[in-house]
Every structure is written in C-alpha cells, then in structure tokens.
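> output the structure for:
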Amino acid sequence: MVKSAMDRMPLNDGFTIPGIGYGTWGVSNDEAEELVFMAIMRGFRLIDTGSMYENEVGVGRGIHKAINAGISRDDIFVVTKLGKDDMGYEKASDAIRASYDRLGLKYIDLFLIHFPNPDEGVTAATWKALEEAKDSGIVRSIGVSNFMRGDLKDLLENSRIKPVVNQLEINPFNLMEEVDDFGYDNNIMTMAYSPLAKGRVLDDGKVMKIAEKYNKTPAQIVLKWAVQRDIIPIPKTKDADRMKDNLDLFDFTLTDEELERITRIKKDSNFVKGHQDHNLGKRIGVDTHNIK
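Residues are numbered from 1 along each chain as shown. Below is the predicted model of the structure:
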C-alpha cells in the first residue's frame, strides 16, 4: 500500500506507478489542458486518458504546462489507450504513433488496449504492436483494460511481454474479484476506473458511518478502500477542491473490519454507461462490438 500520492508501486517490467490517478474520461479537449495542469499542481502524478476520449492533445498540453511550472516529466506517469476501432497489428501500430504525436511527449509511460476483441487472433496481433512500441522506447509499459479472466489467460499464452496492468471498473458495487485475483496471481496490477460508482456508493450508510469516524468524506473512504487493497483508483472531477480531497487519503488507515464492511456493499451491478448490459462481474469475455 502506498503511503502518499507521490509513492509508487512496482510493475512487473521494472517500472513503477503512482498509487492513485486523475481520470480524464468525459473531459473535452479544450478543458483538458487546464484540468490536467490543475490536477498535477495539486499533487496528482498519474494522468489517465485514451484515444477514445478525444482529449490527448489537451492532456499533453496540460502536462507540458506543469513541466514548464517546475514538475519533472519523470515524476508524471501518463496512461493512454488504444481505441476499439484500432485493433489489429497495422491499425494498432499507426494508432500508437498517433497517440504519441497527439500527446507530444518523449515517451508514454503506459499504453493499454482499451477493450479485448472477440475475433480470434485480433487481440494477440494488436498486442504484438504494443510489444514493438515498448521495444522502440516510445512506450515504457504496456497493459490492458476491461479484460476478463479468460481474456488475460489467452493473452498470457500468446504474448512475449506480460501486461503490467489491467484497468477495470472496480468499486464496492462491482468488485471484479475473480479478475483481480487472477491478475494478482500473475503479477498484473489492477487499476480502477469509476471507483466511486458515479457517486452512488457515497450515500451508503456503512460508508457514511466510517467517514464520520475519521472526519473524512465518503469519497475519501471509498478511495482509501481501493488504495489499501493495492488497487489504483482513478477518480475524475473538474472541481479543484475535490481534486485536493481525493488525494487527502494518507493520514488514516481503515481497519480490516472496515475494509470488509465496505467490500460487503457489493451488488450485482455495473454503473458505467455503455457497460450495463455486459454484466462484467459474471462474464469471461467482453464483446466490444456492442460497446460505444
């Protein structure tokens, strides 16, 4: 478990990653520059974007603005993702270079396949393009997103380089325990998007009671729950005060009983728009053709 927002955890390829990040899904390209700059200056060191977010240019500009303000590039960890329409070796190779150019950075810290492809051989061919990008140095680490246990197993059997991360929707309503456990057993770190279940978990009575005990917000309690489980949460907000609050997690520790109480909130549900009908907690694979 990281002890501060600046602390890092080891990845299986020798690089390290911050224990909490700032998410930019739903942020326009025009907004991204100022919001990313603001997030970095308030202490975030992991910035998460993706080609499907259509804001990589603004994210890159915000990072450059922070560097010009005195933050070291090596202290910033940048994650982006391959769009679902860019699967396959040739398309992926071109798309990786396009993301690299849009961000305008000397290297990308972590490049993910955003969704697995159900067609035989497509994900493996795409992964080869990521492996070559890592070999070339424009990408330092490579990983996946929204991969279920079966997807990970297939990739591990058809890859030269193991993924370092699997980014999933994880929150007390959507634990993804089978996938998280498989990743842990194979030294693949888990990142959590939608860690607050779009705010729905914040009204839970158990969370509110724990928050009152520590004089913290419900959001801080749920983010701390993820951090203490060595899951990297990626909260997103456009509010400067909430950015600061989302990092104010390191002056208290939840007890084992409190962690278990939050874990028991679990509901058989999935709250991110575009994913509800997939019931990711039960599936072994994801049909990306139906994901918008």
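> got the buried residues for stretch 116-123?
By neighbour count on 16 or more other C-beta atoms under 10 Å, the buried set for stretch 116-123 is 116-117, 122-123. C-betas here are computed from N, CA, C, even on glycine.
> between the two ends of stretch 12-27, what distance do you get?
Using C-alpha to C-alpha, to the nearest Å, the end-to-end distance of stretch 12-27 comes to 31 Å.
> buried residues in that stretch?
Neighbour-count burial for stretch 12-27, with 16+ other C-beta under 10 Å as criterion, is recorded at 12, 17-24, 27.
> what sits against the residue lying closest to Ser4 once chain neighbours are set aside?
Spatially, and ignoring its direct neighbours in sequence, Ser4 is nearest to Phe250 (5.1 Å; C-beta to C-beta, 6 or more residues apart in numbering). Residues in contact with Phe250 (C-beta atoms under 8 Å, 6 or more residues apart in numbering) are 2-5.
> which stretches of the chain have low pLDDT?
Residues of the chain meeting the criterion pLDDT under 70: 267-292.
> how about the helices in it?
Secondary structure of the chain (DSSP state H): helices at 29-41, 56-68, 89-103, 122-136, 149-157, 177-185, 205-214, 218-228, 240-247, 256-263.
> distance check, Asp94 against Gly19.
Note on Asp94: its distance to Gly19, by C-beta to C-beta, to the nearest Å, is 33 Å.
> now do the phi/psi pair for the residue nearest to Ser4.
phi -110, psi 20 (degrees, to the nearest 10).
> ok, the closest residue to Phe15 other than its chain neighbours to Asp13 distance?
Distances taken as C-beta to C-beta, 6+ apart place Ser141 nearest to Phe15, at 5.2 Å, with adjacent residues excluded. Using C-beta to C-beta, Ser141 is found at 6 Å from Asp13.
> now the common contact residues for those two.
Common contacts of Ser141 and Asp13 (C-beta under 8 Å, 6+ apart): Val164.
> only the buried residues of stretch 238-253, if you could.
243, 245-247, 249-250.
> can you check stretch 172-183 too?
For stretch 172-183, by 16+ other C-beta under 10 Å, it's 172-176, 179-180, 182-183.
> same question for stretch 183-193.
Buried residues in stretch 183-193 (16+ other C-beta under 10 Å): 183, 188-193.
> of these, closest to Thr263?
Within these, the smallest distance to Thr263 is 13.4 Å, found for Ala192 (C-beta to C-beta).
> what distance do you get for the residue nearest to that closest one when sequence neighbours are not counted to Ser194?
Distances taken as C-beta to C-beta, 6+ apart place Ile170 nearest to Ala192, at 3.8 Å, with adjacent residues excluded. Look at Ile170 and Ser194: by C-beta to C-beta, they are 8 Å apart.
> touching, Thr253 and Trp225? I think so.
No - here Thr253 does not reach Trp225: they are 11.1 Å apart, not a contact under C-beta atoms under 8 Å.
> perfect, that will be all.
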